[in-house]
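Colleague: Mind folding the following:
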Amino acid sequence: MELWRRSRWLILTALVVVGGGVALSVFGEGEIPTDPLAVAPGEARVVARVDVDALLDSAVWRLALAQEEASGARRIERTCGYDPLALVDDAVIFATGSDERPFAHIGFVARGEVARGSERRTQLVECVRAVLSDRGGAVRSVEIDGEAAMASVHGGSHAAFLGANGVVGGDRESVERAMRVHRGRAPSARADGSLAPLWSQVAAGRDVVVAAELPERWLPALRRLARGAEGDLTALAGVRALAIGLGVRDGLSVSAALRTSTAADSERLRAALQSRIDAALETPGAGLTVAGRVLRRVEMRANGAELRLVAQATEDQLEGMVEMWRELQAAEASAATDAE
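Modeller: Numbers count the residues shown, from 1 in each chain. Got it, this is the predicted structure:
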């Protein structure tokens, strides 16, 4: 949820930037591919895809919004008379970088009616002008990979319309990489030998999907984390890449695939996680709780160096777990107050 919350603002911000240069930033033809890995650049270390309609209509999003106070998205809707994000079918977010800074460059490609046709693009421009007027911001015209685009006067955000129904945004390097992929001048993440196999294991029927490689520089910290974890979770240090798929249309369903260094690490991790679940269910009364019923349905299977996990909760169960979590938080806060 935190990934999507941050990505939502990235997309909304970039829509503000791109609209200011609608007359200059339209280039290329052809629909944006529906395959997320065909949109992201081949150098991506993280690729995520969000079905916007499914997420915004889900109990997951409703429960998340219930804890938020003022929403910038609502302010944009009040200013413009519509929510640009509501016209986005899906968004592909990706991160690229070097070994030293593996996630230095973050970008996205949003696909949908928000960028289709002159009427929608004009509507976006008018929205942008109103938002920028309220915030005292501005954009400037730039050129990226030989094409006109726009950039924020303050900060490093760049954006352009892409193809017949897309918007690309992010820093300059991310925008250029996505442009080159769309034109067939650079390979996409579909050809990647690491993310693509994991993605295919969790993406079917899922509304939010994330696949990521763990940077080598993270491994020492991961080993320390694994050593400090209770129980036999040292196999966490063997995880090299992972993919997670979330279905949010009817409650919450989760699919995960993790690639470890060895088959032994995969089996050890499965056994450690199963031990944690068994211990939780042995707690008196745990099996009667909503969380207990969900834990009983968790499925795990180790296959060579890969570990697969599937879990699901109905909308009622999800709401029950959120309510239980809030009650626990309230009880902890009350106990802390009494102690003081």
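Colleague: secondary structure element for Ile93?
Modeller: Per DSSP states H and E, Ile93 falls inside strand 90-96.
Colleague: Just the C-alpha atoms of that strand, please, in PDB.
Modeller: What follows is strand 90-96 as a C-alpha-only set of coordinates in PDB (Å, rounded to 0.1, in the frame of the first residue of the first chain):
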ATOM      1  CA  ASP A  90      -3.300   1.100 -15.200                       C
ATOM      2  CA  ALA A  91       0.200   2.400 -14.300                       C
ATOM      3  CA  VAL A  92       3.500   0.700 -14.700                       C
ATOM      4  CA  ILE A  93       6.100   2.000 -12.200                       C
ATOM      5  CA  PHE A  94       9.800   1.100 -12.600                       C
ATOM      6  CA  ALA A  95      13.200   1.800 -11.000                       C
ATOM      7  CA  THR A  96      16.600   1.700 -12.600                       C
END
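Colleague: If you count contacts, what does it end up packed against?
Modeller: Strand 90-96 is packed against helix 2-19, strand 46-51, strand 105-111, helix 172-182, with contacts defined by 3 or more C-beta pairs under 8 Å, 6 or more residues apart in numbering; DSSP states H and E. Backbone N, C-alpha and C define where each C-beta goes, glycine included.
Colleague: Repeat the analysis, applying 7 Å as the threshold.
Modeller: With contacts taken as 3 or more C-beta pairs under 7 Å, 6 or more residues apart in numbering; DSSP states H and E, strand 90-96 sits against helix 2-19, strand 46-51, strand 105-111.
Colleague: Around the residue lying closest to Asp265 once chain neighbours are set aside, how many other residues sit close by?
Modeller: Once flanking residues are discounted, Asp265 sits nearest to Gly238: 3.3 Å by C-beta to C-beta, 6 or more residues apart in numbering. Gly238 has 21 neighbouring residues, counting by other C-beta atoms under 10 Å.
Colleague: again with Val248
Modeller: 22.
Colleague: residues in contact with it?
Modeller: Contacts here follow C-beta atoms under 7 Å, 6 or more residues apart in numbering; on that basis Val248 touches Ala54, Leu55, Ser58, Val60, Asp207, Val208.
Colleague: got a markdown table for those residues, with neighbour count too?
Modeller: Formatted as a markdown table, the contacts of Val248 follow (neighbours: other C-beta atoms under 10 Å):
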| residue | neighbour count |
| --- | --- |
| Ala54 | 18 |
| Leu55 | 21 |
| Ser58 | 23 |
| Val60 | 24 |
| Asp207 | 21 |
| Val208 | 23 |
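Colleague: Now, the residues you listed that are in helices?
Modeller: Ala54, Leu55, Val60 (DSSP state H).
Colleague: JSON lines please, covering the residues you listed and showing pLDDT and distance to Leu225.
Modeller: Converted to JSON lines, the ones in helices among the contacts of Val248 look like this (pLDDT from 0 to 100; distance: C-beta to C-beta, whole Å):
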{"residue": "Ala54", "pLDDT": "87", "distance to Leu225": "32"}
{"residue": "Leu55", "pLDDT": "84", "distance to Leu225": "29"}
{"residue": "Val60", "pLDDT": "72", "distance to Leu225": "27"}
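Colleague: what's the closest of those residues to Val109?
Modeller: Proximity of the ones in helices among the contacts of Val248 to Val109 (C-beta to C-beta) peaks at Leu55, which lies at 16.8 Å.
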